[in-house]
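S.K.: sequence plus the predicted model coming up.
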Amino acid sequence: MEKLIKSVFDPQLIKKDFPVFKRQVNGKSLIYLDNAATTQKPESVINCIDNYYRKHNSNIHRGVHTLSYESTVMYEEAHKKVADFIGAKDWKEIIFTRNATESINLLAYGWGLHRLQEGDEVLITIMEHHSNIVPWQMLRDLKGIKINVLGVDNKGNLKLDELPGLLSEKTKLVSIIHASNVLGTVNPIKQITQEAKKVGALVLIDAAQSVPHIPIDVNEIGCDFLVASGHKMMGPTGIGFIYGRQNLLEDMDPFMYGGDMIEKVTLTESTWNELPWKFEAGTPNIAGGIGLGAAVDYLENIGLQNIYNHEEELLRYALEKMSEFDWINIYGHKSDSESVGVISFNVDGVHPHDVAGMLDEQGIAVRSGHHCAQPLMHDLSMDYTARISFYVYNTKEEIDLCIETLKKVKKLFG
Ligand code: 7TS
């Protein structure tokens, strides 16, 4: 990977770091606009995993042999990289999981199951991905907690004026999405955290769509927990993380029980390992964790602010171009509030799956569907949308090609 000088940020140069862009799809150069689902992987991440398996592969925290020691150091180092990346004070505050979904489940079981009681309340928003809805419904059914929901206005922003009415001393957790995977809206999480703290609630941020795109500092936000998925930030699949305040994690019960998460075991009782291993039972995804560390290195080398600025430029460009056509209906983006590069839209008279199918014929990858956010979709009175989502390697020319294809779609189907 070439060291990028911030002033010569060039997506075409960045694209060269990603082997997938050498391939053709349906005879065309790949245009990848499905980054909210997962991102492509740079050569450095692929090489790092390859190198790990070729030279170091061994189990961690087991034995004294050289390979095991090297693997342990590399895996711990990856936790440190993630901690620095999001401003955590200590790397022991970073727990590796499989993905954001598993992270939220770990917190629902490890914290919620033991700390919440009948009558306690959890506040979410209608913008949540299913992974930040269903675990709380599980706790509602098991423990009798109540789930309150903050709505969205017709501009695609949270109805913040309703927030104080939904918070009380019964609210034990506010669990909110940072950036919407449907609308692109970036929620004012610092302000919401401050409000939540006034009633003594803990705050969990689902940062799956923000950590890869926006500079994040957990201490500046003031949150208690934050979760994300490695595969949405150029890392491999099967690795994600939780940030948790050390005192809360220390106080929490484990989620999974067995090897590596223990300090001492007898046939009658066991004690738990230190952080973060208390929450990483069994042999973890060592190569995945190390690969995530390489992804963080790559992102830091480009600079998160550069990534954000580039995506912001693409977003403004795409919104302007798409709004020239009255047969393209865009959801959200109706105010000047902060957004990430996600645009959900429909083409009049054409099913979003047909839109995605025709774009694919031109080598353009987009997602169509409910985006695992059915309550939000229902609130917006629709079942499915097509969605384009940007990352650092996308260009304005790709947006032009996408819009040209949408015109053909409209002509053929509409
Ligand atoms: N939270 C948000 C905000 C998400 O967008 C997603 C995945 C998740 C959590 C879950 O991530 P996972 O890695 O555990 O699956 N969102 C999407 C999407 O928009 N299209 O595909 C996956």
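M.R.: The structure has been received and is ready for your questions.
S.K.: other SSEs contacting the helix or strand hosting His353?
M.R.: Using DSSP states H and E, His353 falls within helix 352-361. Helix 352-361 makes packing contacts with strand 342-347, strand 367-369, strand 385-389, helix 396-413 when contacts are defined by 3 or more Cβ pairs under 8 Å, 6 or more residues apart in numbering; DSSP states H and E. C-beta: built from backbone N, CA, C; applies to glycine.
S.K.: switch the cut-off to 6 Å
M.R.: strand 367-369, strand 385-389, helix 396-413 (3 or more Cβ pairs under 6 Å, 6 or more residues apart in numbering; DSSP states H and E).
S.K.: what's around the closest residue to the ligand within the stretch 301-414 of the chain, how many residues?
M.R.: Closest to the ligand within the stretch 301-414 of the chain is His371: 4.7 Å, counting by Cβ to the nearest ligand atom. By the measure other Cβ atoms under 10 Å, the count of residues near His371 is 23.
S.K.: mind listing what it touches?
M.R.: 181-182 (Cβ atoms under 6 Å, 6 or more residues apart in numbering).
S.K.: can you give me the pLDDT of the spatially most central residue of the chain?
M.R.: If you average the C-alpha coordinates of the chain and look for the closest C-alpha using Cα atoms, centre = their mean, you land on Ala208, 1.2 Å from that point. Model confidence at Ala208, given as pLDDT, is 98.
S.K.: measure the closest residue to it other than its chain neighbours to the ligand for me?
M.R.: The shortest distance from Ala208 to any residue other than its chain neighbours is 4.2 Å, reached at Ala100 (Cβ to Cβ, 6 or more residues apart in numbering). Per Cβ to the nearest ligand atom, to the nearest Å, Ala100 is found 4 Å from the ligand.
S.K.: got the domain ranges for this structure?
M.R.: With automatic domain parsing as the criterion, the domains of the chain are listed as 11-42+303-408, 47-301.
S.K.: so what does Leu139 look like in phi/psi?
M.R.: Main-chain torsions, Leu139, degrees, to the nearest 10: phi -70, psi -30.
S.K.: residue contacts, it?
M.R.: Residues counted as contacts of Leu139 (Cβ under 6 Å, 6+ apart) are 108, 112, 145.
S.K.: between those residues, which is nearest the ligand?
M.R.: Compare each of the contacts of Leu139 with the ligand using Cβ to the nearest ligand atom and the shortest gap goes to Ala108, at 13.5 Å.
S.K.: Asn154 - that's part of a strand, no?
M.R.: No - the assignment for Asn154, made by DSSP: H, G, I helix; E, B strand; the rest coil, is coil rather than a strand.
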